[in-house]
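In: what follows is a predicted structure for the sequence shown.
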Amino acid sequence: MQKILIVHTGGGLGDVLLSTPVIEALKLNYPEAQIDFMARPYTSAAIKNNPFIHTIYTVDKEKMSWSEAFSWSRKLAKQKYDAALVLWSNSPLAFMLYFARIPIRVGQDSRFSYSWTYTHKVRIRSEHGDEQSHWSDVMLDYVRALNIPVPQLKPRFVIPETAIHKAKQLMQALPQNSGPIIGLHPSKGISNVAKIWPTSVFADWLKALYQQLQARLVVTGGPQERDITTKIIEEAQVPCLNLAGETDTEALAAVAKQCQVFICPDSSPAHLAAISGVPTLDIFALKSDFPNRWKAVGAPVVVIRPTTWKCQRICCKEKCPDFSCYKQIDGQQIVEGVKQLLQSDIQTES
């Protein structure tokens, strides 16, 4: 194969990060091939500096319109791709590749409306009762569908020198006490939760880390999360550096890399930290979370999860009224998890 297209326009940044082993597996099998990638502008940050990617196409929406799909099919037809892999399928994407006449089209099975358009179909394990496989390995099933060898691969993210320089400048304002540098990203990337997010819980975590470990604390978040991080720090009443809104994806990874431990509810910053080699405390508080599938990989990782939940039988994070599940995790559990990660004998997650 000379030209391969990977399409991943769904999910969030973390989903694309966990799909990066697909890129490397293809490059290992087809070292001379040009590999291009289609993603949304925000999630394309996950592969912006990937050394195996030649061209990045961006589309604005997870599910493009039919007119956009047919327009793209004409563009892609001119590129004469040998193969395309759709890692997050929907009808417009499937037909985009079909009408682009790409000879090998790999995509999801079990979809009556479009799976027939794929020449190689992938059975998504998580849709058939599998709760144990990690998502990065599930993604590699798209490469296995080509009947080529797939080694054990970890997600990859490249931090540019400009981001490292920016992170070092930002971290100069870090409180100058004697303890370890601990990062906390206290949000989960869910929209419109500022009024109900349990800020007091995260404040207690910061307070415990400062009082018991004399930790030098840095709190991160996106621009839309600045109010949440400010409130958490005010409630904690301990010295913290608030970097919410000060970093893009690359700089966030670089800030995390300056930390000795990074704490995060299951979301893309946890993946960025672990992929960058930072010991990570991965919080899976929601009843609907799947730690085995979504835990951070690439560095020592400790997963913290409640043993009981007081919420209703069905858990939906987008509709949760108060995120009370986080109240089941106290500051002492966070301190013990951090202590574990600070020890040298923790084995790296694979």
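Out: That came through fine.
In: drop to CA atoms for contacts and neighbour counts, all remaining ones
Out: OK.
In: which stretches of the stretch 151-300 of the chain have low pLDDT?
Out: Within the stretch 151-300 of the chain, the ranges that satisfy pLDDT under 70 run 190-192, 194.
In: pull the number of nearby residues for the residue lying closest to Ile159 once chain neighbours are set aside.
Out: Leaving aside its chain neighbours, Ile159 sits nearest to Glu250 (5.8 Å; criterion: Cα to Cα, 6 or more residues apart in numbering). Close neighbours of Glu250, defined as other Cα atoms under 10 Å, add up to 24.
In: I'd say Glu250 and Lys166 touch.
Out: No: when contacts are counted by Cα atoms under 8 Å, Glu250 is not listed as touching Lys166 (9.7 Å).
In: and the residue nearest to Ile159, that one's in a helix?
Out: Yes: counting by DSSP: H, G, I helix; E, B strand; the rest coil, Glu250 is part of a helix.
In: contact partners for it?
Out: 45, 159-160, 163 (Cα atoms under 8 Å, 6 or more residues apart in numbering).
In: give me the buried subset of the residues you listed.
Out: Taking 16 or more other Cα atoms under 10 Å as the criterion, what is buried in the contacts of Glu250 is 45, 159, 163.
In: wait, doesn't the second one sit right on Val255?
Out: No: at 10.4 Å, Ile159 does not count as touching Val255 under the criterion of Cα under 8 Å.
In: between these two, what contacts are shared?
Out: What both Ile159 and Val255 touch, as defined by Cα under 8 Å, 6+ apart, is an empty set.
In: quick one: the helices in the stretch 151-300 of the chain, in order.
Out: Taking DSSP state H, counting those that start in this stretch, the helices of the stretch 151-300 of the chain run over residues 161-170, 199-213, 226-236, 249-257, 268-275, 291-294.
In: which strands and helices sit next to the first one?
Out: With contacts defined as 3 or more Cα pairs under 8 Å, 6 or more residues apart in numbering; DSSP states H and E, helix 161-170 has these neighbours: helix 249-257.
In: dump the helix it packs on to PDB, keeping only the CA atoms.
Out: Coordinates of each C-alpha in helix 249-257 appear next as PDB, following Å, rounded to 0.1, in the frame of the first residue of the first chain:
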ATOM      1  CA  THR A 249      -3.300  20.600  24.500                       C
ATOM      2  CA  GLU A 250       0.500  20.600  23.900                       C
ATOM      3  CA  ALA A 251       1.200  22.900  26.800                       C
ATOM      4  CA  LEU A 252      -1.100  21.000  29.100                       C
ATOM      5  CA  ALA A 253       0.900  17.800  28.400                       C
ATOM      6  CA  ALA A 254       4.100  19.700  29.000                       C
ATOM      7  CA  VAL A 255       2.800  21.100  32.300                       C
ATOM      8  CA  ALA A 256       1.700  17.600  33.300                       C
ATOM      9  CA  LYS A 257       5.200  16.400  32.500                       C
END
